[in-house]
Every structure is written in structure tokens, then in C-alpha cells.
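Student: can't give you the sequence, but here's the structure:
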């Protein structure tokens, strides 16, 4: 089958996690750069990557890459690419763009040039002068970096964090892709306790349950490339069928989630039910000070409140004082906290074993990792 070059885009800091995911799925990696992992595949890999990647933002099909320092050069080289291999005669396509440190800094002009070049290329190949644009959708992206233009088509459609199970949201929810990344950056496995004591809408425990049961994160949603004739329905049907076969409903998980806000807990329960993992998570409405921390060698993975997410009767000093007491008590547990607080170690009086800078949307956060002893 035809060898394709695909790009899995990712939030800064999760590139290594996405690379590991792709390798586990059997893909051949070409390169890892800031915000993206490039890999090789065939058409069936487009379906596989979209269904299974937990931490990537999108899967892009790379059409071409070249130097472009003038609009004429951008037009000519774009027109020469094989767009009709993918975009159908009736295809509806839009062009998005970005430019960083390039002579062609006008994004709107670059988008217009690429759109015109694609139309001219398709006119020649299809031998028509007018396009209905009533068929499947194709989103083309022109990315200019240091005068190198990369042309791609988005195979995902909606961003991959939109799993389809979040029927009830709360204030400042953590992205599903980031939540999955936090879990995969921890030492959690399905034999260990996982507890989120600031669960919000339940994203972290839900993602953990899906990982534990080996549920493909994209099973309950649609993808742009699912409607592309070049891939075909049979490829998608087979990929979905294989994903369902790999689900392990019999695995025993000990995942616990709680929150001070009763509405948050209700939302989390609804979302877990929608994701098909409600029976795998024990939900509790309580202040994290009174949560049940039972068992040894468990893990806390949490996104505690800060700023507008703090309740009216709560302060950061009080929050961190209580957290410090609980952490000291749980000597055999590992604790993983993501927050925008740069002085968390100072507040907790504990030095993190590792810190990672991650972005939750546009919010810069730090993922503090406090390792407990290895289980006996």
C-alpha cells in the first residue's frame, strides 16, 4: 500500500508521550519536534491513529514541504502537488495558515494563494472549471516556519480531545488529551489505586478507566477522513471492529474520584456513564481532606483549583496546608499535581522528584511529580 507521511500534533511537553503511543501502535517514526511527531503509515493507519491516540491533538496528512520566500514560489510549488489524490471533485475545502519567522508573514495572503493554487491544480486534473463543494470536507493547512512551507490536510476534523463523552462540563475543565498524558507520565498501571480528589467533570479518572480497559478514545466520535472516498468505509469498519475486540471489560480497576462541589460530582458521573466506565470509578462528594485514602502504593493524580476555580470560602494557603498534611500521611503513595502555581514545593515543603511544563489550552502549568516507594 502507498506509504504516507503523517503528523500527530501535540501540546508542548507531550511529544515523547505521543511518540511512545505511535510506537506502541506499530508506526515508524520519522522525527519528533516541538508540538509534533512525524511518522509513516498507509491509509489504514489514518483510521488507526485517529481512533487510538490519547494525547495527540490532531492527525495531519502531509502533502508537501518546500522553501517559499515569495508568493509566486508558494503558488507554483503548491499547484504542483497531487491534491486530487485526496480531495474529491465535489470536495469542500478550506485553507488555514500560520507563519513563524518567515518572509511570507501575511497569513491571510498565504491562505488565499494556497487556495487558488489548489483550485488551479484541480481544474487541470479534473478538467473542470467550477467546483460544487457539496462533498466531504477537507481542511488544508499551510504552515510557514523559517521560510519552509508545510502543506497538510487534517484527517481528524474536530480536535482529538473531543472524545464525545463530555455531556456535562464544569468550570475550567482539563483537556482529555492532557489528562491522558498526566496518567501516562505517571507510574500508574491497572493494578494500582488511582485517586483524583479534585475530579471536576471526571476527566482524569475517566481517561484512566479507558486506559485500564483498553478502550480506544475515538470510538464514540466522528472524523473528517471517515468520509473520504480514498480511505473507504471498509478500512474504517475494520479499524473500529478491531478496537472493540481489544476492550477488556473484565479487568478490575480501583479508581476513585471526589470533589467538594456536588454539581461537579454529578457532572463527572454523567460523563463516566457516557464513556461506558461508570462501574469502574468510585465517586464521592466530599472535601479532599475527608476523602478515603485506603490502601498502599496508590497514586493521586489531580488538577487542584486555583484562581477562579477556588470556592468563596477557600484560600490557597488553606488548600496547600491541608494538602501538605495529607501528603505527609500518605508515605507509600505517589502524588502527581498539575497547577499553574510555581511555588508548590515551597508551600508543601516537599521537593518534587520531577517537574514538567505542560500547557492546558493556553494556560502554562507545571506537572509536579512526587514519587513514593515502589510497591513490594
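Tutor: That came through fine. Bear in mind that the values here come from a model prediction, so they are computed numbers and not experimental data.

Student: Tell me how many other residues crowd residue 133.
Tutor: Using other Cβ atoms under 10 Å, residue 133 has 14 neighbouring residues. For the C-beta atoms, the positions are set from N, CA and C on the backbone; glycine is no exception.

Student: go on, residue 20?
Tutor: Using other Cβ under 10 Å: residue 20 sits among 14 other residues.

Student: Beyond the top helix by length along the chain, next helix or strand please.
Tutor: What stands out as the longest helix in the chain, according to DSSP state H, is helix 107-126. Reading on from helix 107-126 to the C-terminus, the next helix or strand found by DSSP states H and E is strand 137-145.

Student: just the angle between the helix or strand following that following strand and strand 137-145, please?
Tutor: Under the assignment DSSP H and E, the closest C-terminal helix or strand after strand 137-145 is strand 148-154. Put simply, strand 148-154 runs at 160 degrees to strand 137-145, going by axes from the mean of the first three to the mean of the last three Cα atoms, to 10 degrees.

Student: so who does residue 2 touch?
Tutor: Residue 2 makes contact with 42, 43, according to Cβ atoms under 8 Å, 6 or more residues apart in numbering.

Student: For it, give its distance to residue 59.
Tutor: From residue 2 over to residue 59 the distance is 16 Å, taken as Cβ to Cβ, to the nearest Å.

Student: likewise residue 255?
Tutor: 28 Å.

Student: again, but for residue 89
Tutor: In terms of Cβ to Cβ, residue 89 sits 24 Å off from residue 59.

Student: neighbour count winner among these two?
Tutor: Between residue 89 and residue 59, residue 59 has the larger neighbour count (other Cβ under 10 Å), namely 27 against 14.

Student: Tell me who's in contact with the more buried one.
Tutor: Contacts for residue 59 (Cβ under 8 Å, 6+ apart) come out as 6, 7, 8, 9, 46, 49, 50, 53, 154, 155, 156, 160.

Student: what's the pLDDT at residue 252?
Tutor: Looking at residue 252, its pLDDT reads 96.

Student: Show the contacting residues for the residue lying closest to it once chain neighbours are set aside.
Tutor: With Cβ to Cβ, 6 or more residues apart in numbering as the criterion, residue 252 has its nearest non-adjacent residue at 8.0 Å, and that residue is residue 190. Applying Cβ under 8 Å, 6+ apart to residue 190 gives the contacts 211, 212, 251, 252, 253.

Student: And residue 190, its phi and psi?
Tutor: Per-residue torsions, residue 190: phi -70, psi -10 (degrees, to the nearest 10).

Student: Residue 184 against residue 54, yeah?
Tutor: Yes. Using Cβ atoms under 8 Å, residue 184 is in contact with residue 54, at 7.3 Å.
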